[in-house]
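> one predicted model, sequence on top.
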Amino acid sequence: MTFSRETKDLARSLLAYEAASGKTSEAIVSVAVRVCEKLRGPVSVLAGVVGYRSLLARALTLARAETASLGALQVASDGCLHGFEELAPQTNSDRPSEGEVLLIGHLLGLFLSLLGAAVTLQLLQNVFPNLTVTTEAGTITPFEDILKEVGHLNSLSDRLESLADQHPSVEDVLMSVSGNVRNTATTLEVLALIRTKDGGAEKKAPKQQRERYLM
């Protein structure tokens, strides 16, 4: 699995943002660890602790395939990342290593694949409120695309429920993640519809989606 140049640039921006905003006492902690820790809570609420741990472990596996510098890292059962303290210290903590960029880039790539761009960007802006995320077209406005992502999330929830039927040994975990995803889709749909009625996305929201909540 590879990720786009834009995703890698986003990873660099996120790491640079965290490096610049970190407290002096956090200087000895890898900036990648700090980013992962800040994402762990909200993503665990969405996908469960097991879900977040699986995503981070997969991102680490993908990053290790591209660099040997991450060999000492381990993902604990609670989703915490350990082992960066065993790596060679950075000469400039404001400049993350390529290994850190690869790890965070692959993690963001998995978020984008699972949640879609709108939800992922909204998540990042909630966790890192002063981070400005831009694309070639300009600054991202996530609410414009949320209604498109709601359908993807509901489809994902359906697929997870189907997998739960096929794999009884992990049925409880899959059903829990499916429920969390569906609840998130519902919350996002209502939020987008409220914004639509307020005039925030009037022209962008599909008519059939807007009418679902009209009494």
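All right, it came through fine.
> so what's the spatially most central residue of the chain up against?
The centre of the chain sits closest to residue 111, judged by CA atoms, centre = their mean, with a distance of 4.0 Å. In this structure, residue 111 makes contact with 43, 55, 120, 123, judged by CB atoms under 8 Å, 6 or more residues apart in numbering. In this view, the C-beta of every residue, glycine as well, is placed from N, C-alpha and C.
> now do 10 Å
Remark: with contacts taken as CB atoms under 10 Å, 6 or more residues apart in numbering, residue 111 is in contact with 7, 39, 43, 46-47, 55, 59, 117, 119-121, 123-124.
> same check, this time on residue 48
Neighbouring residues of residue 48 by CB under 10 Å, 6+ apart: 54, 79, 173, 174, 176, 177, 179, 180.
> mind giving me the ChimeraX command for buried ones among those residues?
Of the contacts of residue 48, the buried ones go into a single ChimeraX selection, burial set by 16 or more other CB atoms under 10 Å:
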select :54,79,173,174,176,177,180
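> out of the contacts of residue 48, which comes closest to residue 20?
Distances from those to residue 20 were compared by CB to CB; the smallest belongs to residue 79, at 24.9 Å.
> am I right that that closest one sits in a helix?
No: looking at residue 79 with DSSP: H, G, I helix; E, B strand; the rest coil, it is coil, so not inside a helix.
> so what's it closest to, chain neighbours aside?
Of all residues not flanking residue 79 in the chain, residue 53 sits nearest, at 4.3 Å (CB to CB, 6 or more residues apart in numbering).
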